[in-house]
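Participant: Here is a sequence with its predicted model. Questions after.
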Amino acid sequence: MNFALIASTLIIVILIAHNVKRQKKSSEKAEAEFWARERMANSVRRKSLDGLDYITIPLESFPTHILRENSTVAECIETLEALTAQKIVNLTGYTNTDLKLEYGAANITALSEYDQNYTVLVRTLQKWADTLIEAGYPEEARVLMEFAVDTGTDVSHTYYRLAEYYAARGEEDQIRRLKGLAGSLRGSGRDIILKHLGREYPRI
């Protein structure tokens, strides 16, 4: 009995050691590949950014006339007004290495700024939409959230609240469209959003 126990323990120790060694090799390989790719990216020369999918904020189509006296709404409108003068690009899902390989290392500062502007945009849109919904203006909030998802936002709350709006009105086609847009996301939030929508609206 003791021999069997010792043998079993030895086998377990060997398996654990083997797995640790394998994981270490895999980690070292991944790290080596990362740095090789990073070195390559840092050597890529600057390329034109004219072909980027720049986002224009259609502020004139947003409900800027509603709850203008509300401090949160006023702040959101002010933020978006400032953003209209900035360059905005959704680069969610791309690493700095990806961007340097595609557009050149010298453009990484500008690209990071464009992407940061996008983050501010979609967060501000949802903050504004939430305020409108809470005040009893769901139709106006819909305009803001639909613009956000059409630009490829991965703010999960935007999808959830928009889906709730569609469900309350029996707009199943719009929920299906929303699922399709979520499925095309590049960011890590895609699976979480799809899982939620699938769970809440399994037959749509």
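Facilitator: Structure received.

Participant: Can you pull the phi and psi angles for V89?
Facilitator: phi -140, psi 140 (degrees, to the nearest 10).

Participant: so where's this protein shaky on pLDDT?
Facilitator: Judged against pLDDT under 70, the low-scoring parts of the chain cover residues 1-8, 10, 17-18, 20-21, 24-36, 38, 40-41, 43.

Participant: what does the domain assignment say about it?
Facilitator: With automatic domain parsing serving as the domain definition, the record reports that the chain contains domains spanning 1-43, 49-200.

Participant: Let me know which of those domains is tucked in deepest.
Facilitator: Each of those was scored by mean neighbour count; the highest is domain 49-200, a mean of 17, by mean count of other C-beta atoms under 10 Å. All C-beta atoms are positioned from the backbone trio N, CA, C, and that covers glycine.

Participant: May I have the distance across that one, first residue to last?
Facilitator: Across domain 49-200, the terminal residues are separated by 40 Å (C-alpha to C-alpha, to the nearest Å).

Participant: Then stretch 49-60?
Facilitator: Distance between the boundary residues of stretch 49-60 (C-alpha to C-alpha) amounts to 27 Å.

Participant: what's it in contact with?
Facilitator: Defining contact as C-beta atoms under 8 Å, 6 or more residues apart in numbering, one finds that stretch 49-60 is touched by 77, 80-81, 83-84, 87-90, 103, 107, 110-111, 114, 118, 121, 147, 151.

Participant: Next: stretch 180-192.
Facilitator: Looking at stretch 180-192 with C-beta under 8 Å, 6+ apart, the contacting residues turn out to be 92-94, 149-150, 152, 154-156, 159, 193-194, 197.
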